[in-house]
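Student: sequence plus the predicted model coming up.
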Amino acid sequence: MFKTAAAMFVATATLAASSAFAQAKPEDAIAYRQGAFKIIGWNFGPMAGMVQGRIPYDKEGFAKRAANVAAVAAMPFEGFGPGTDTGAPTKAKAEVWSKSADFKAKADKMVEETTKLAAIARTGNLDDIKKQFGATGATCKACHDDYRNK
């Protein structure tokens, strides 16, 4: 009985959350995705400095930042729903919506690579970290090149 009640609670909470999001104003969705991208950038910048040797490598600090990015990586893409191409200033190109399957594939690849980066960061092996950081950064660049106005 507990499992049934728990399953019903999860289903109800999921439905309520998706309904609430579906009713979000476009400007709120845009602010949400921009906020998530800012969190990613906040954490990605110091990691870039470490792999490039501009700032000292800190195993724990790098691993924490990589985990933060992995935890947030999927979040911004919730904010690209229908109608969120307008309503607030945005750098998103129209192709986000007209080529949504490719955009989603690139978003999914970024999420996959950030997850790998977080796992490799925990090992502390800087050579492996640099390689995976490059792969992760390439997924960001691919999306920026195709779907973000300068």
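Tutor: Happy to help now that I have it. Numbers count the residues shown, from 1 in each chain.
Student: distance of A70 relative to R33?
Tutor: 17 Å (Cβ to Cβ, to the nearest Å). Bear in mind the C-beta positions are built from the backbone N, C-alpha and C, glycine included.
Student: what's the first-to-last distance across stretch 70-79?
Tutor: 17 Å (Cα to Cα, to the nearest Å).
Student: for the protein, what are the low-confidence residue spans?
Tutor: Within the chain, the ranges that satisfy pLDDT under 70 run 1-23.
Student: nearest residue to the middle of it?
Tutor: Central residue of the chain (Cα atoms, centre = their mean): A73, 2.1 Å from the mean position.
Student: give me the phi and psi for that one.
Tutor: phi -50, psi -40 (degrees, to the nearest 10).
Student: same question for R148.
Tutor: phi -130, psi 130.
Student: for T90, same thing?
Tutor: phi -150, psi 150.
Student: residue contacts, the closest residue in space to it that isn't next to it in sequence?
Tutor: Once flanking residues are discounted, T90 sits nearest to I30: 5.4 Å by Cβ to Cβ, 6 or more residues apart in numbering. By Cβ atoms under 8 Å, 6 or more residues apart in numbering, the residues touching I30 are 79, 84, 87-88, 90.
Student: sort out which of those are buried, if you could.
Tutor: Using 16 or more other Cβ atoms under 10 Å as the burial test, the contacts of I30 include 79, 84, 90 as buried.
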